[in-house]
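A.B. asks: need a 3D model of the sequence below.
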Amino acid sequence: MKIIIDTSTIISFLLTRGKNNLAEIINQTKQKKIKLITCKETFIELQQSIQKEKIKKNVNYRPLNIARFIAWYKYNSIFISLEKSTNAENSRDMSDNIFIQLALKVNADYLLSGDKDLLVLKKIENTKITTTEKFIKDFEANRTN
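C.D. replies: You can find the predicted model right below:
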């Protein structure tokens, strides 16, 4: 199963010290049941976003833990090149289109987000756009069937 996780969802995970549903997705990645997909552009966005002052001011900002996660994420994600990919302009927020473009290029199963501009789309071709909470419920329901 191929999963793309948007930047704000990862940052939320990091600032809650792993106390959200993304922790279960990471566990499933470690068990090779989920493949995390990213690209240079979204990875750079993550690295830049996590360094913003408003993020660093969060009481749960722990530079060492964040650096460890970023290294883990880089090592355990599949990097895809978007250089020759078609442009996707489906989101109300143009900065989210990179995630849609990536999802279309790899035919991702899911794009996980908390962003209303993405969630309102619900689905782009074969990629379901949903929250981590809804994904975990669906994932667990499919595992027990």
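A.B. asks: now do the helices in the protein.
C.D. replies: Along the chain, the segments classed as helices by DSSP state H run 7-15, 22-30, 40-49, 53-56, 63-76, 97-106, 116-119, 132-144.
A.B. asks: and the last one, what's buried?
C.D. replies: For helix 132-144, the neighbour count (16 or more other CB atoms under 10 Å) marks 132, 135, 136, 139 as buried. C-betas here are computed from N, CA, C, even on glycine.
A.B. asks: which other helices and strands contact it?
C.D. replies: Applying 3 or more CB pairs under 8 Å, 6 or more residues apart in numbering; DSSP states H and E, we find helix 132-144 packed against helix 22-30, strand 110-112.
A.B. asks: report the separation between residue 15 and residue 129.
C.D. replies: For residue 15, the distance to residue 129 under the criterion CB to CB, to the nearest Å works out to 22 Å.
A.B. asks: which of those two has more neighbours?
C.D. replies: Here residue 15 and residue 129 are compared on neighbour count by other CB atoms under 10 Å; more neighbours surround residue 129, at 26 against 18.
A.B. asks: so that one bridges to which residues?
C.D. replies: Beta-bridge pairing of residue 129 under DSSP bridges involves residue 111.
A.B. asks: switch to numbering from 16
C.D. replies: Yes, from this point I'll number from 16; that puts the last item at residue 144.
A.B. asks: isn't it right up against residue 138?
C.D. replies: Yes. Taking contact to mean CB atoms under 8 Å, the distance of 6.2 Å between residue 144 and residue 138 places them in contact.
A.B. asks: ok, the residue nearest to residue 97 when sequence neighbours are not counted - how many residues close by?
C.D. replies: The spatial neighbour of residue 97 that comes closest, neighbours along the chain excluded (CB to CB, 6 or more residues apart in numbering), is residue 54 at 5.1 Å. Residues within reach of residue 54, counting by other CB under 10 Å, total 23.
A.B. asks: residue contacts, residue 111?
C.D. replies: Residue 111 makes contact with 21, 128, 130, 132, 133, according to CB atoms under 8 Å, 6 or more residues apart in numbering.
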